[in-house]
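1. when you get a sec, could you give me coordinates for this:
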Amino acid sequence: MLHLLVVFLAIQSTVLCNSVFRRYVPHFDNGRAVTHITSSSINEASGICASRVHKNVIYTHNDSGDTHRIFAFSAENGHRLGTITIDGAHSRDWEDIACGPCAGGSGHCIYIADTGGNAGGDENTIYRIREPSHLGDQHVSLDSTLKFSWDQHDCETVMVDNHGEVYVVSKVSAGHHPKFVHLPSYAWGTGRRDYVSNGVYMTITSRSYNPVGGDISPSGHEVLIKAYGHVYYWYVPNGDYSEQLKKPPVEIPHHWEQQGESVCFEPNGSGYYTLSEGHNQPLYYFHRQGQAPITG
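-> Numbers count the residues shown, from 1 in each chain. Below is the predicted model:
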């Protein structure tokens, strides 16, 4: 009898936890400008991601027209802490950047998406480098490259989950639904792969030419998608992003930005940042109110 009671309580606990998962709604404050980006080199920030190695450090890159480099800057004072030139990479139209695990969870990596349509062609290439152990101006080598083809012309969102799996979201004109697709880990370093028949269409409808950026939380259970004038949120309790992103999102706070195309979670999940293109732009931070969703 005692054994049956323990089993019953365990089942009830699981049901309750799953119910909490389904009902979770995030609460973030209205945000504030924590600093301004002071470097004249960072003039068209098209993506951001928070370092997993260095505290209060964010990586970014310029939009099309720059070279094969990214920047590290301080989230506390906006100063550029280093320019990282990526040997072996090419820059046609870099549109987003993500921080996350390397392949197989062996260390921390940075992923850069050369996936935009601004430069007269669809490069559709993701570059991966290992996150530097020190900051400063330096050259690094590629860890690997992922090339893909699909039925979308433009993409400004790359995201990496807590297992190092890569996802991209297409940018579409007003009135259309963006497409979300998983680029599996076995595709790295194998030549260009075709994902025309893959992916799902999201429920959000573009109000302009969107989306323009995104991020998956370090826990792997939350997703942010940035659009001009909007930040959308999904809770993903089971890691099934394709299924969850077909559902309507929650809209969370944002500030008007000149041309805001960048969003990322803080590494500990306590909030998120946004940043706009342009010189001397403010870095906004939105702090989470209450606890992050329980996982595991």
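
2. C-alpha from now on. contacts and neighbour counts both.
-> Will do.

3. would you list the phi and psi of the nearest residue to residue 245 once chain neighbours are set aside?
-> Excluding the flanking residues, the one nearest residue 245 by C-alpha to C-alpha, 6 or more residues apart in numbering is residue 202, at 5.8 Å. When read as degrees, to the nearest 10, the backbone of residue 202 gives phi -80, psi 160.

4. surely residue 202 and residue 178 touch.
-> Yes: in this structure, residue 202 is within contact of residue 178 by C-alpha atoms under 8 Å, at 5.8 Å.

5. show me the beta-bridge partners of the closest residue to residue 42 other than its chain neighbours.
-> Ranked by C-alpha to C-alpha, 6+ apart and with sequence neighbours excluded, the top spatial neighbour of residue 42 is residue 62, at 6.5 Å. Beta-bridge partners for residue 62, by DSSP bridges, are residue 45.

6. residue 62 reaches residue 48, doesn't it?
-> No: assessed by C-alpha under 8 Å, residue 62 is found out of contact with residue 48, at 10.1 Å.

7. of these two, give the one with the bigger neighbour count.
-> The neighbour count for residue 62 versus residue 48, taken as other C-alpha atoms under 10 Å, is higher for residue 48 (30 against 24).

8. is it true that that one lies in a strand?
-> Yes: secondary structure assignment places residue 48 in a strand (DSSP: H, G, I helix; E, B strand; the rest coil).

9. what is the burial count for the nearest residue to it once chain neighbours are set aside?
-> Using C-alpha to C-alpha, 6+ apart and skipping the chain neighbours, the partner closest in space to residue 48 is residue 60 (4.6 Å). For residue 60, the tally of surrounding residues (other C-alpha under 10 Å) stands at 26.

10. one more: the one 10 residues further on?
-> Using other C-alpha under 10 Å as the criterion, residue 70 is surrounded by 22 other residues.

11. the residue nearest to residue 48 and residue 75 touch, don't they?
-> No: Residue 60 lies out of contact with residue 75 (C-alpha under 8 Å); the separation is 11.5 Å.

12. can you give me the neighbour number for residue 133?
-> Neighbours of residue 133 (other C-alpha under 10 Å): 8.

13. which residues touch the residue nearest to residue 48?
-> 45, 46, 47, 48, 49, 70, 71, 72, 73, 97 (C-alpha atoms under 8 Å, 6 or more residues apart in numbering).

14. in a markdown table: these, plus distance to residue 291.
-> Converted to a markdown table, the contacts of residue 60 look like this (distance: C-alpha to C-alpha, whole Å):
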| residue | distance to residue 291 |
| --- | --- |
| 45 | 30 |
| 46 | 30 |
| 47 | 27 |
| 48 | 24 |
| 49 | 22 |
| 70 | 33 |
| 71 | 31 |
| 72 | 29 |
| 73 | 28 |
| 97 | 27 |
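
15. right, I'll leave it there.
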